[in-house]
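S.K.: turn this into a structure:
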Amino acid sequence: MASVISAADETMIELFSGLPARQFAKLLRQLRSEGAEPALKGRPWGLAFEDRVLLVAAYWRTNLTMRQLAALFGTSKSAADRIIDDLAPKLALRPRQRFAPETVLIVDGTLVPTRDHAVAAKSKNYRYSTNHQVVIHADTQLVVTVGTPLPGNRNDSIAFAASGIDHATRTATVIADGGYPGTRAVIPHRRKSKDEPLVGWKEEHNASHRHVRARIEHTFAKLKVWKVLRDCRLRGEGSAEAMAGIARLHNLTLTG
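M.R.: Take a look at the predicted model:
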């Protein structure tokens, strides 16, 4: 079966992975140094390592079915499925373990519509979704860690601890929106009643808070370009692996 998409064509790389060829080559070097391409004792893969990585990225970016993806890469549907199962965990973002005390991070949750009802729940978007807590660095806007996904009906204030984000960011200052009351995250000042305005300095603080926190909304807009995060058909850990892998690819686009 002849392939339509190949990593040998630089235009295909950027079109289907979202990465320029230079950044894609950097990703391949990183993966190889991490042992993502071990020597196989059994039957070798039908596709080269470069094409397998591109296949996973193309799947996340386009959300094509396995049958469509297999036809584009000149392989079988079952082989495409095995490639994603093998490489998706290896593409996942390696989260930071510790942060300097003066580091400022931004956290927020985003809903990913997920068809596996075993890991999802109906949420405020009226679809079965998973709640993914994402943390970015306030200055660089790089994604530094992604929490364990929870059913979409979990509030952000609960998901902050339950997803592991509270522990992962324990050495840094974390800011968030008003959906994180009762957590250690720094949230905007609230009115005591709807008819009582905030004092001037609190209004100014909230305005500054909104300006900084908007950066994570911009990050979500860029992450959702990857269409698998709009309608995830993957089961089990698939949505978590996709979010973590896309976060790594997003960071590469920022760092070059």
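S.K.: His250: what secondary structure?
M.R.: helix (DSSP: H, G, I helix; E, B strand; the rest coil).
S.K.: domain map for the protein?
M.R.: If you go by automatic domain parsing, the domain ranges for the chain are 10-91, 104-255.
S.K.: any chance of a markdown table for those domains, columns mean pLDDT and distance to Gln97?
M.R.: For the C-beta atoms, the positions are set from N, CA and C on the backbone; glycine is no exception. Listed next are the domains of the chain as a markdown table, based on pLDDT from 0 to 100; distance: least, C-beta to C-beta, whole Å:
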| stretch | mean pLDDT | distance to Gln97 |
| --- | --- | --- |
| domain 10-91 | 92 | 16 |
| domain 104-255 | 92 | 8 |
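S.K.: let me see the confidence value for Ala2.
M.R.: For Ala2, the pLDDT comes out at 62.
S.K.: what's next to stretch 70-89, contact-wise?
M.R.: 1-6, 36, 45-47, 51-56, 58-59, 64, 66-67, 69, 237-238, 241-242, 245 (C-beta atoms under 8 Å, 6 or more residues apart in numbering).
S.K.: cutoff 6 Å now
M.R.: 1-5, 46-47, 52, 55-56, 66-67, 69, 241, 245 (C-beta atoms under 6 Å, 6 or more residues apart in numbering).
S.K.: go on, stretch 30-41?
M.R.: By C-beta under 6 Å, 6+ apart, the list of residues contacting stretch 30-41 from outside reads 49, 90.
S.K.: what about it, how long is it end to end?
M.R.: Stretch 30-41 has its terminal residues 23 Å apart, counting by C-alpha to C-alpha, to the nearest Å.
S.K.: max-length helix in this protein?
M.R.: Using DSSP state H to define each element, the chain has its longest helix at helix 200-223.
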